[in-house]
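Chemist: Sequence first, then the predicted structure, then my questions.
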Amino acid sequence: MADNKLNAFAVLAKRKALESISDNVRPTKKAATKETNSIPKQLTQMQLSLGQKVQVQCKECGMDYVPSLAVDRKWHNIYHKHIVDGYDVESSFVQGHTKNVVYDVEGATDRIFYVDHTARSVQKRKAEDVLMVVQKELGAVPIPRKDLWSSQSIDPLQPPEYAAYMYIRGHRCIGFLLTQHISHAKRVLEPGPARKATEQPPSLEPAEQPLRISLQSFPAKLGISRIWTLASARKEGIALQLLDTALKHQNRRAERVRHELHVEKQDVAFSQPTEAGTRLARRWFGEAYGWKIYVD
Ligand SMILES: CC(C)(COP(=O)(O)OP(=O)(O)OC[C@H]1O[C@@H](n2cnc3c(N)ncnc32)[C@H](O)[C@@H]1OP(=O)(O)O)[C@@H](O)C(=O)NCCC(=O)NCCS
Ligand SMILES: [Zn+2]
């Protein structure tokens, strides 16, 4: 049953890329749109040639479907709920993997689950499904599944290349962070003299301005590869909590796991941040400039 749902979700999610949100203006992570566009175009043509089956696009979840077809309506309903309410990991995931809980809000059903290459395949699949939705929303180049969980071995003593932190409320994933092991990053520099004339406090520094990046690279340890919060749960502190939790969890691992590194905030770098990501980074680092960026 659970597998059917997952498969249905995977198929549906491939049907239509979400519209890019207005926050995501940085072009660097844009996937080529050619491939994603071609499938819906073909579908539209087929539906029209049949005469009566009109395909529509849901404004909220972005999925193309034919409302007069019961099967399309059913898949749309499932997909719509995943997008609007958060991906349903199901209660068995929440109850069955309590040892993966790395943050627990007292008196609430909010928890953060940690997933890496050593996790059970069901956990990895759920993390992959959420990542798929996140990457569509970001318009990011997808990270191939084989790279996601790659490691020299499944030795828990080896550091994972990527790790996922899933913020789950009840049994819906409403926040997601993918971290990556990195060694170098650039620094965000203060603007040149022309822009400096309009001096602003760091939190008000406009995030839509192009960031000035150092040519020189600096050592870094932990990459923020992807970070996302469900639209209806934004500005509650979920992304900040994910970042704090990842840092603390990494350092708890460093105390007991061979090869794991102790990480300070200054060792963290964001992968080409969006405008919203830049605002978040500035808030988390507590400074408008000086924090790090890397290309993944
Ligand atoms: C960027 C993103 C992850 C931020 O997620 P979020 O959960 O809303 O972030 P937080 O709530 O932790 O913090 C964001 C803001 O809410 C504020 N906030 C946090 N808790 C709050 C509370 N209880 N009440 C009021 N404001 C609060 C924070 O101070 C911060 O304010 P600022 O934007 O003015 O600096 C989210 O906007 C998103 O998913 N965007 C689309 C994907 C994306 O662009 N990702 C970034 C890739 S680099
Ligand atoms: Zn919909």
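Modeler: In hand now; what should we look at? Ligands and ions are numbered 1, 2, ... in the order given.

Chemist: Could you measure from the closest residue to residue 295 other than its chain neighbours over to ligand 1?
Modeler: Nearest non-adjacent residue to residue 295, counting by CB to CB, 6 or more residues apart in numbering: residue 272, 6.4 Å away. For every residue, glycine as well, the C-beta is placed using N, CA and C. Look at residue 272 and ligand 1: by CB to the nearest ligand atom, to the nearest Å, they are 7 Å apart.

Chemist: Would you mark the buried spots in stretch 223-232?
Modeler: For stretch 223-232, burial by neighbour count (16 or more other CB atoms under 10 Å) applies to 223-230.

Chemist: ignore the last one, stretch 90-101
Modeler: Within stretch 90-101, the residues that count as buried by 16+ other CB under 10 Å are 90, 93-94, 97, 100.

Chemist: Can you tell me which of those lies closest to ligand 2?
Modeler: Nearest to ligand 2, judged by CB to the ion, of the buried residues of stretch 90-101 is residue 90 at 20.5 Å.

Chemist: Do you know the pLDDT at whatever residue of the stretch 51-200 of the chain ends up closest to ligand 1?
Modeler: Closest contact between the stretch 51-200 of the chain and ligand 1, by CB to the nearest ligand atom, is at residue 138 (5.5 Å). The model reports residue 138 with a pLDDT of 85.

Chemist: Next: residue 106.
Modeler: On pLDDT, residue 106 comes in at 83.

Chemist: And for residue 117?
Modeler: pLDDT for residue 117: 88.

Chemist: Surely it and residue 149 touch.
Modeler: Yes. Counting by CB atoms under 8 Å, residue 117 touches residue 149, with 4.2 Å between them.

Chemist: okay, and the common contacts of these two?
Modeler: The contact sets of residue 117 and residue 149 overlap at 124, 160, 162 (CB atoms under 8 Å, 6 or more residues apart in numbering).

Chemist: contacting residues around the second one?
Modeler: It refers to residue 160. When contacts are counted by CB under 8 Å, 6+ apart, residue 160 touches 116-118, 149, 151, 181.

Chemist: before we move on, back to that, so the residue of the stretch 51-200 of the chain closest to ligand 1 makes contact with residue 225?
Modeler: No. Here residue 138 lies out of contact with residue 225, judged by CB under 8 Å, at a distance of 10.5 Å.

Chemist: thinking again about what came up before, counting only strands, which of the shared contacts of residue 117 and residue 149 make the cut?
Modeler: Residues of the shared contacts of residue 117 and residue 149 located in strands (DSSP state E): residue 162.
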